[in-house]
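Visitor: What follows is a predicted structure for the sequence shown.
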Amino acid sequence: MARDHAQPDDALGRWLALREAADAEARSSHLTTLVAGHLATVSGAIRVTDLATGAGSNLRHLIPHLPPRQRWLAVDRRATLLEALVERTVTWASSRKLWAVVRGNRLEIRGAPLECVVEPYARDLASVDDDALFAGCHLVTASALLDLVSESWLKGLSARCSEVGAAVLFTLSYDGRTTCAPAEPDDALVLDLFNQHQRTDKGLGGPAAGPAAAGAAARIFVAAGYQVETAPSDWVLGPDATDMQTYLIDGWTAAATDAAPGHRERIAAWRAVRLSHVSAGRSHVVVGHTDLAARPGKGR
């Protein structure tokens, strides 16, 4: 389940913190290694743009896996999340015995052989018509974003990436493959309504691609001359993941009710039964995601 572009900052911050460990476990290590290998040919520091960075979980995951000289532009429209990014990343660096200091608007992280500079950049991503996002960029990355954007937005992004020859790594795009156990008769109803809601306009270029986002992105980047690979990155949540399962069920309930208000009571009854499975320690949930890596064609 992607972040909600309209979610209040405090609720979104809690959700991003809650899902960070599950995201890290679900990611495709193969695609991360593929992109890191591509970037290893860069002379000097690699320049990375992280779109809709939130509180920085994507950045923190990737820093140890990429070539050690790094310059990051961490882009999000919410200043409070960018502040949280700096705070959490300083704590993260300290836990790994890395040196971290804030200088003006930049965070510097060092520790042999790492030399990393992170620059937070407050910017609404309703469009990607901003040269500062891509200037000199070697990698454009994002996590849990593509299912919120439109196909026209993806086409604009592919054009900007192609202009500068940047590789891309898009992780944890929701793809609609969700299962819950024990199964309930209204699982399909609620999850179908949720998937419908995912396709509504999230303020990112028109109706969102929703569960079709990874497939649409693959097609669009292939058309732009990229070599594209995808891999599953599913959340597999067992009975111990009570907080995350509860958050998901509440999110599905709210979206389904918004999509079909006439089913409000039926959806509420479904929520009560699903939460009873969680509280009884018998709930298992798998949420399907897809990771995508794309490298410019050989002629670049």
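Guide: That came through, no problem.

Visitor: For the rest of this, base every contact and every neighbour count on C-alpha atoms.
Guide: Noted.

Visitor: Counting by contacts, list what the longest strand along the chain packs against.
Guide: The residue-count maximum for a strand in the chain (DSSP state E) belongs to strand 167-181. If you count contacts as 3 or more Cα pairs under 8 Å, 6 or more residues apart in numbering; DSSP states H and E, strand 167-181 packs onto helix 29-39, strand 139-143, helix 187-198, helix 213-223, strand 284-296.

Visitor: Residues contacting the helix or strand that contains residue 82, please?
Guide: According to DSSP states H and E, residue 82 maps onto helix 79-95. Here helix 79-95 makes contact (Cα atoms under 8 Å, 6 or more residues apart in numbering) with 9, 13, 53-56, 60, 74, 76, 99-101, 107, 109, 120-122.

Visitor: Among the residues you listed, which are located in strands?
Guide: Reading strands off these with DSSP E, I get 74, 76, 99-101, 107, 109, 120-122.

Visitor: Most neighbours among these, which one?
Guide: The residue in these with the most neighbours, by other Cα atoms under 10 Å, is residue 74 (27 neighbours).

Visitor: residues touching that residue, list them.
Guide: 49-53, 56, 82, 118-121.

Visitor: and which of these is nearest residue 32?
Guide: Distances from residue 32 to the contacts of residue 74, taken as Cα to Cα, are shortest for residue 50 (14.3 Å).

Visitor: ok, that closest one - contacts?
Guide: 58-59, 72-75, 140-142.

Visitor: where does it land on pLDDT?
Guide: Looking at residue 50, its pLDDT is 98.

Visitor: beta partners of residue 235?
Guide: On the basis of DSSP bridges, residue 235 is bridged to residue 287.

Visitor: I figured it hits residue 23, correct?
Guide: Yes - the criterion here is Cα atoms under 8 Å, and residue 235 meets it with residue 23 at 7.2 Å.

Visitor: Top of the contacts of residue 50 by number of neighbours, please.
Guide: residue 74 leads these on contacts (other Cα under 10 Å) with 27 neighbours.

Visitor: hey, what's that residue bridged with?
Guide: In this entry, residue 74 is beta-bridged to residue 50, residue 120, by DSSP bridges.

Visitor: ok, it to residue 156 distance?
Guide: 19 Å (Cα to Cα, to the nearest Å).

Visitor: got CSV for the helices and strands packed on strand 167-181, with mean pLDDT too?
Guide: CSV is the format used below for those (pLDDT from 0 to 100):
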stretch, mean pLDDT
helix 29-39, 98
strand 139-143, 98
helix 187-198, 98
helix 213-223, 98
strand 284-296, 98
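
Visitor: how about these, which one is nearest residue 175?
Guide: It's strand 284-296; of these, that one is closest to residue 175 (Cα to Cα) at 5.2 Å.

Visitor: So what's the gap between the closest one and the chain middle?
Guide: Offset of strand 284-296 from its chain centre (Cα atoms, centre = their mean, to the nearest Å): 10 Å.

Visitor: Equivalent analysis for stretch 12-28, please.
Guide: Remark: stretch 12-28 is offset 9 Å from the chain centroid, using Cα atoms, centre = their mean.
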